[in-house]
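Visitor: Generate a structure from the sequence data that follows.
(chains A and B)
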There are 2 protein chains.
Amino acid sequence: MLTYCIRRRLFVTSHNVSVDICPLHVLLQVSKHSVKSSDGGPDAAGDMLQLLQRRFFIPPDPHHAESLLKGRTCVYGPLGVDLKRNLLDQWWASVVRSRPQVFGISTLYELGDKGAGEGNHKEKLGDSVDELLQRRQPWRTRLLQGALAQYVPSLELMNRKLPFGLAETGLCYQPEDANSDAIGCSSEVTEASLVWFCSPRTSSQWLDYWTRHRLQWWRKFTLGPSDFSTRDIQDEERNHGTSRGVTVLYQFPWGTETLETLWMLGDAALLRSHTGSRDKLQCRDGKRVVLPHVLSLSANMDRGVLAVLFNSLQHVQKVDSKQRLHQRTVLKLHPTLAPVKVALDMGKGSTSELRQVCEGLLHELLDVGISAWPGYMDTTQSSMDKLHTKYDEMGVLFTLMVGENTLENGLLLVRNRDTTIRETMHISEIRQFLLKYISAAEKI
Amino acid sequence: MLTYCIRRRLFVTSHNVSVDICPLHVLLQVSKHSVKSSDGGPDAAGDMLQLLQRRFFIPPDPHHAESLLKGRTCVYGPLGVDLKRNLLDQWWASVVRSRPQVFGISTLYELGDKGAGEGNHKEKLGDSVDELLQRRQPWRTRLLQGALAQYVPSLELMNRKLPFGLAETGLCYQPEDANSDAIGCSSEVTEASLVWFCSPRTSSQWLDYWTRHRLQWWRKFTLGPSDFSTRDIQDEERNHGTSRGVTVLYQFPWGTETLETLWMLGDAALLRSHTGSRDKLQCRDGKRVVLPHVLSLSANMDRGVLAVLFNSLQHVQKVDSKQRLHQRTVLKLHPTLAPVKVALDMGKGSTSELRQVCEGLLHELLDVGISAWPGYMDTTQSSMDKLHTKYDEMGVLFTLMVGENTLENGLLLVRNRDTTIRETMHISEIRQFLLKYISAAEKI
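Guide: Next up, the predicted model:
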């Protein structure tokens, strides 16, 4: 209970409504992850998947839900697409864009180059796609492969100076393992990878640095940081005694799963991928010339999306003024990750006039990059409660209600997802208010 | 010559340096695409590819250059990655984010679902990746397929109200055709697709609307808008008399290529992909219930990157104060697309102190999302001319030179790529100046 309050306050500090004005008769009894504590793993997962299907994160076809649960790329609906985009953008901003020594690269899904020398590609084939498909095509299973191949052309970027990194996000092919009984589960995984080249003497410190960084990054966006943890691992295959690694784990309702793996690969991986001269691989570590050690960080961003979703799910029980018990399900996604920042709806009144106001406001918000949901376009009558339930499950930060009042004096109602407080605000202030709220949340 | 001046002025309006202060002895003789006019197609392409390899857009391996020339996804280096990201982001902002009726989706590369019912996936296979690879896996060749499949679950988004669209960007599999003699050329293409569902009576107007929009969009970022054009096309395969389409073309030095294709597909494609009841496919067009027509827009974003690059390449001849003739090669990429906005270098002086200033400024810029190149980290001595040549070829908008002066009074030199004018500016003003310049360029 206490933890929740502290967490909630964290989210609210950026918002100029004081928590103190919260009506006393609204008693919040928070049971975070109550789904987990009540009836165990499978149901919690089932509830979540139904919510995701109902609210346009994923399509209703069960294959997609199953793929997502297994940490694989699935078909995403509009909200899922934006959530994943936001998470990938945050990763890119934190790992690549803010670091002068990290460079983005982009390699191919198909490892076709390998066959180039063998003359396979020289065959003149007819238009038949079937024939072409029957040819064996190896795909990348990790982004590490591509980064190691791009090591030599990248040396010039930093004038052979250590440390530096090559980063990429993209699709990898990871077929189901033999024990899986999944039918039609996707073989695709979206990986976010950083391959870090550093001097041998510092590689251990860099592993510690990146482990801290990655754990902090995952926790940054979440209500329940304690669900994220790290664990040291040893590689059984390589097993040269030196091979150390760390995994970042998330505690799902059904158990712990790996979100990200960090490996110290020494210089073996680099030597394997570049046969021939050792000299051309060497770099400068201060005044010394060394063969760099490789640190590989790779995160499963589909499972990351799932972790963020589970972590932000809250079931809140409240007693209203008539002593009736209500349960609210809220997806308290972090403001930077929330796929929809604001929903626009209209109350009773002159439909065509209210619609015009909504359209104007919507475009004003979209123009400054605030993702807005055009709820007013849906002309099905819906009660306010149903509307709030819908937007809470979509993780929408604010609901704006344009009404007859707005036509008279420009005032509209702004409801906050996290506090459920409704404020009156002038239409001209909305844009600035939202921009401030979101940018403040980014800085926490 | 005149056109160039007008164009240049367009780029410069957002910049607070007046063109009038341009030194008179610097006579600019612009020969836009002189490579094209001088020695024809192949050399122009060769020169461009060498530049791209030299300046970290693509790696030096000729396979990548060849793939890119053929409008296919290739391996990109750091500058290529950022240019393509920026172009894709601009597409997403213009087609999806700014339109309430367009929703993003994300489908799978592998069309694995088709096989799910056949029980292929039930086979228990060993760990052997080879075995798995030998199974036939069909991949998507266009994003249209996935959007049509997601049509039914998306109907609820707009409450069956027309028009609306489903958008996606991603990889498609397009094997080389039989006539190609390319060895090891990539089979991947990055497509940006909008599938637009509208009432039959408006589909023709929507084709006109989107054709105008797409042509304008491509032209927005370029110095030579006349190199972009559209052409009406007829589909020979479908050939139902009604099948109309338009292509957006770009005039490369070696000839015209298709950047984007817009097709009016009627209702046939939708009916084909959803066998069974027609009723569940129907939508509302005002008060009437109709089976929507489909408009498919699909752009090849790798070829788009190439078009943007060719279009922004300029060879500028200038005579200096000693009447010597110089030629400058400049990649005049649009400010929003330029992968590196600013380069930071240091002149003579106390290295460690200047370095500190550079680092501080670099992080200040990176923090606000201005992509900056840490030129000061490269300790190889290089003349100012070589430095400018390098940054002009990288398309860097501004070069900042931190010198001893900066330590004394906070002033540094800011050189503009397009005007080549050097200004003195206080270090505290840099960030705001760059933010203004870039956001002004976005609004043109």
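Visitor: Tell me which helix or strand the most centrally placed residue in chain A sits in.
Guide: Nearest to the mean C-alpha position of chain A, by CA atoms, centre = their mean, lies residue A:87 at 3.1 Å. Using DSSP states H and E, residue A:87 falls within helix A:78-92.
Visitor: near chain B at all, that helix?
Guide: Yes. Using CB under 8 Å from any CB of the partner chain, a contact is recorded between helix A:78-92 and chain B, made by A:78, A:80-82, A:84-85. Quick note: C-beta positions are derived from backbone N, CA and C, even for glycine.
Visitor: For PyMOL, write the select line for the buried members of these.
Guide: The buried residues among the residues of helix A:78-92 next to chain B can be selected in PyMOL (16 or more other CB atoms under 10 Å in any protein chain shown) with this line:
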select buried, chain A and resi 78+80+81+82+84+85
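Visitor: Pick the one among the residues of helix A:78-92 next to chain B closest to residue A:377.
Guide: Residue A:377 lies nearest to residue A:78 out of the residues of helix A:78-92 next to chain B, by CB to CB, at 13.9 Å.
Visitor: what's near enough to touch that closest one?
Guide: Each residue near residue A:78 by CB atoms under 8 Å, 6 or more residues apart in numbering or on different chains is listed here: A:56, A:339, B:103-105, B:154, B:157.
Visitor: Leaving out sequence neighbours, find the closest residue to it.
Guide: Spatial nearest neighbour of residue A:78, excluding adjacent residues (CB to CB, 6 or more residues apart in numbering or on different chains): residue B:103 at 3.9 Å.
Visitor: Out of the contacts of residue A:78, which is nearest to residue A:188?
Guide: Nearest to residue A:188 among the contacts of residue A:78, with distances taken as CB to CB, is residue B:105, at 15.1 Å.
Visitor: surely that closest one meets residue A:74?
Guide: No. The criterion here is CB atoms under 8 Å, and residue B:105 misses it with residue A:74 at 11.4 Å.
Visitor: ok, the two, which is more surrounded?
Guide: The neighbour comparison of residue B:105 against residue A:74 (other CB atoms under 10 Å in any protein chain shown) goes to residue A:74, with 29 against 25.
Visitor: Kindly check the end-to-end length of stretch A:64-78 for me.
Guide: 14 Å (CA to CA, to the nearest Å).
Visitor: What are the boundaries of the strands in the stretch 1-150 of chain A?
Guide: Counting by DSSP state E, counting those that start in this stretch, one finds strands in the stretch 1-150 of chain A at the ranges A:27-32, A:102-104.
Visitor: Of those strands, which shows the lowest average pLDDT?
Guide: Of all the strands of the stretch 1-150 of chain A, strand A:27-32 carries the lowest average pLDDT, namely a mean of 31.
Visitor: State the phi and psi torsions of the residue in the stretch 251-400 of chain A positioned nearest to chain B.
Guide: For the stretch 251-400 of chain A and chain B, the shortest gap (CB to the nearest CB) falls at residue A:374, measuring 3.9 Å. The phi/psi pair for residue A:374 (degrees, to the nearest 10) reads phi -80, psi 70.
Visitor: quick one on the thing from earlier: export the contacts of residue A:78 as TSV, with columns for distance to residue A:243.
Guide: Shown next, in TSV, are the contacts of residue A:78 (distance: CB to CB, whole Å):
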residue	distance to residue A:243
A:56	43
A:339	39
B:103	45
B:104	40
B:105	41
B:154	47
B:157	49
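Visitor: Show me which of those are buried.
Guide: A:56, A:339, B:103-105, B:154, B:157.
Visitor: So which of those residues belong to helices?
Guide: residue B:154 (DSSP state H).
Visitor: Lowest pLDDT pick from the buried ones among the contacts of residue A:78?
Guide: residue B:157 (90).
Visitor: and the closest residue to that one other than its chain neighbours, what are its bridge partners?
Guide: The spatially closest residue to residue B:157, leaving aside those adjacent along the chain, is residue B:103, at 5.7 Å (CB to CB, 6+ apart). Under the criterion DSSP bridges, residue B:103 forms beta bridges with residue B:166.
Visitor: What's the separation between residue B:103 and residue B:191?
Guide: Using CB to CB, to the nearest Å, residue B:103 is found at 17 Å from residue B:191.
Visitor: thought residue A:211 was touching residue A:229?
Guide: No. The criterion here is CB under 8 Å, and residue A:211 misses it with residue A:229 at 11.1 Å.
Visitor: any shared contact partners between those two?
Guide: residue A:248.
Visitor: So between the two, which is more surrounded?
Guide: residue A:211 (19 against 15).
Visitor: where does the stretch 301-444 of chain A have low pLDDT?
Guide: Within the stretch 301-444 of chain A, the stretches with pLDDT under 70 are A:444.
Visitor: which parts of it sit against chain B?
Guide: So far as CB under 8 Å from any CB goes, the stretch 301-444 of chain A lies against chain B at A:362-363, A:366-367, A:369, A:371-372, A:374, A:377-380.
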